[in-house]
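Engineer: Next comes the sequence, and after it the predicted model I'd like to discuss.
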Amino acid sequence: MARECYVTGKKGMSGNSRSFSLATTKKRWKANLQKVRIVDEDGTIKKVYVSTRALKSGLVKRA
């Protein structure tokens, strides 16, 4: 399973890294995801990956 934010759906991005001579190599940028325990809507406690932006803005309730 690929790492994806449980709340916002953020994932990693891929693209090219360009050197001074403009040679290209594949590069991957990973999302800043943390594994946290949250309380779901129905009251169950889950361990999921959540982005730090969602944690700081209070989109999830931690257990």
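Structural biologist: Looks like it arrived, so ask away.
Engineer: any idea how far the helix or strand containing residue 17 is from the chain center?
Structural biologist: Using DSSP states H and E, residue 17 sits in strand 13-18. Computed by CA atoms, centre = their mean, to the nearest Å, the separation of strand 13-18 from the middle of its chain amounts to 18 Å.
Engineer: which helices and strands sit right next to it?
Structural biologist: Secondary-structure packing of strand 13-18 (3 or more CB pairs under 8 Å, 6 or more residues apart in numbering; DSSP states H and E): strand 24-29. Using the backbone N, CA and C atoms, a C-beta is placed for each residue, glycine as well.
Engineer: Quick check: neighbours of the strand it packs on in the sheet, parallel or antiparallel?
Structural biologist: Using DSSP bridges, strand 24-29 pairs in its sheet with strand 13-18 (antiparallel).
Engineer: what residues does the strand it pairs with touch?
Structural biologist: 24, 25, 26, 27, 28, 29 (CB atoms under 8 Å, 6 or more residues apart in numbering).
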